[in-house]
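Trainee: Just to be clear, the model below is a prediction. Sequence and coordinates:
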Amino acid sequence: MSNKYYIKTFGCQMNEYDSEKIGGVLSKNIQLTETSAPEDADLIILNTCSIREKAEVKVFSDLGRFRELKEKNPALRIAVGGCVASQEGENIIKRAPYVDLVFGPQSLHRVSELLSKRESSGKPQIDISFPEIEKFDYLPIINKNHVSASVSIMEGCSKYCSFCVVPFTRGEEISRPLEGILNEIVRLTFNGVCEITLLGQNVNAYRGEMSNGDIADFALLLEYVAEIKEIKRIRFTTSHPNEMSDSLINCFSSIDKLAKTIHLPIQSGSDRVLSAMKRNYTTLEYRSIIRKIRKICPEISLTSDFIIGFPNETDKEFESTIKLMKDLEFDYSFSFLYSPRPGTPASYIDDNIPNKIKQQRLEKLQSLNMLQGKAYTELMQGTNQRVLFDHFSKKNKNILLGKTDNNRIVETNANSGLLNKFVNVKIAHANSKNLQIEPITS
């Protein structure tokens, strides 16, 4: 091998975090450098997602394309990591025998070791084991001069929703010790990081061991992170309604550094559908949580996930989701057509809804949500916002871009001197996508 790797990431922020760490392992252990062109790479990695069927299909489509590269260059190594790797295991090799490595989310720290075994044995290597949080002891800190960074605080999920494969592909919920998380964040601040996003499949289910043997919940972790003076803004994703404790809700009032936004998946506005999904809460309970949050923090931005077309969803049940969207005034959210995943309980339910109807429902929900998100953007005109300016526009290098607490893109002149700075700004102009500002303090 020479010295280049190419990595393509599918799915969630957890996968983005994992991909960055895979790159760090390859750089540290075998001195590979990243390339953006797969045809220039000696190692191609697909870090996969299995939440929806289309992502999985895309993986095998890409593998077919990379097979042609390997036919031209037999020394090229191809690896499949992530949740599809964990789910399919050796079936990937059977379906695509030119794949050299298959590794799961919990064994990504072993990628250079697997590559070495592949070279010495001449055989494909598979490691989809679940060594709990061992990987965090081996993952290097990435020395990039970014002002924003993500930190994974836990792995897996123990909720076992009927539609979801995550408990099977990433294992059950395992929390990292508190001290290890804080050490990683402090080390990131040495490289200029001032904004942290805490990641987990159900991040608010965090229960990490402290050095004195006690257990810290997620609210306590937030308090500790807020005490790191170099950190100016804290975000987290993704949350589960069943873990929204009063102590966590109160953090939106007591911790100024905490971004005034929350992503809290509801999935459906129908109690019957929620029960079939095994979400273990009702719409009334969800509404109660939102009332508590908005009482503590009236300005909070609420986003969510919605699954449309769950097996046998009726028109009335779908309209309940539309009503929930209107009543709770969700900001821009994510919505998807239900996709049956192999082996999940929901995949065995006979479904009598035509795809055409499902697609019409999805379009109706998304149209409503786009209007609500646009209305939120327009209401921001004339308001004061906290913005971290961290990159230049790819289309126009004369424009500097940043984000508000609720993830709106803000534009200003590139020569403003605000790069990599938090600034309190007044929004001068607003449209459906971007905001323009008048700086007021820095």
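Mentor: Arrived safely, thanks for sending.

Trainee: any weak-confidence spans in this protein?
Mentor: For the chain, applying pLDDT under 70 flags the ranges 1-2, 53, 55, 132-135, 137-145, 432, 439-442.

Trainee: show me what contacts Val151?
Mentor: Tyr17, Ile181, Glu184, Ile185, Leu188, Ile196, Thr197, Leu198, Leu199 (C-beta atoms under 8 Å, 6 or more residues apart in numbering). Every C-beta, even on glycine, is put in place using the N, C-alpha and C of the backbone.

Trainee: Can you flag which of these belong to helices?
Mentor: Among the contacts of Val151, DSSP state H puts Tyr17, Ile181, Glu184, Ile185, Leu188 in helices.

Trainee: Out of the residues you listed, which is nearest to Tyr206?
Mentor: Closest approach to Tyr206 among these (C-beta to C-beta): Ile181, at 8.9 Å.

Trainee: From Ile293, how far off is that closest one?
Mentor: 24 Å (C-beta to C-beta, to the nearest Å).

Trainee: ditto for Glu285
Mentor: 13 Å.

Trainee: who's more crowded, those two?
Mentor: In this view Glu285 and Ile293 are compared by other C-beta atoms under 10 Å, and Ile293 has more residues nearby, 21 against 15.

Trainee: those strands in the stretch 201-350 of the chain, which residues are they?
Mentor: Using DSSP state E, counting those that start in this stretch, the strands of the stretch 201-350 of the chain run over residues 207-209, 215-217, 233-237, 261-263, 301-303, 305-308, 334-337.

Trainee: Could you list the paired strands of the first one along with their orientation?
Mentor: Put plainly, it is strand 207-209. Using DSSP bridges, the strands paired with strand 207-209 are strand 215-217 (antiparallel).

Trainee: Next, the buried residues of the strand it pairs with.
Mentor: Neighbour counts over strand 215-217 (16 or more other C-beta atoms under 10 Å) mark Ala216, Asp217 as buried.

Trainee: any idea how far the closest residue to Glu179 other than its chain neighbours lies from Glu155?
Mentor: Spatial nearest neighbour of Glu179, chain neighbours left out: Ser211 (5.4 Å); criterion: C-beta to C-beta, 6 or more residues apart in numbering. According to C-beta to C-beta, Ser211 and Glu155 sit 21 Å apart.

Trainee: who has more neighbours, the two?
Mentor: Neighbours around Ser211 and Glu155, counted as other C-beta under 10 Å, are more numerous at Glu155. The numbers are 23 against 8.

Trainee: Hmm, the more buried one is touching Leu108, no?
Mentor: No - counting by C-beta atoms under 8 Å, Glu155 sits too far from Leu108 to count as a contact (11.1 Å).

Trainee: all helices for the stretch 201-350 of the chain, in order.
Mentor: Applying DSSP state H, counting those that start in this stretch to the stretch 201-350 of the chain gives helices spanning 218-226, 246-254, 271-276, 283-296, 315-328.
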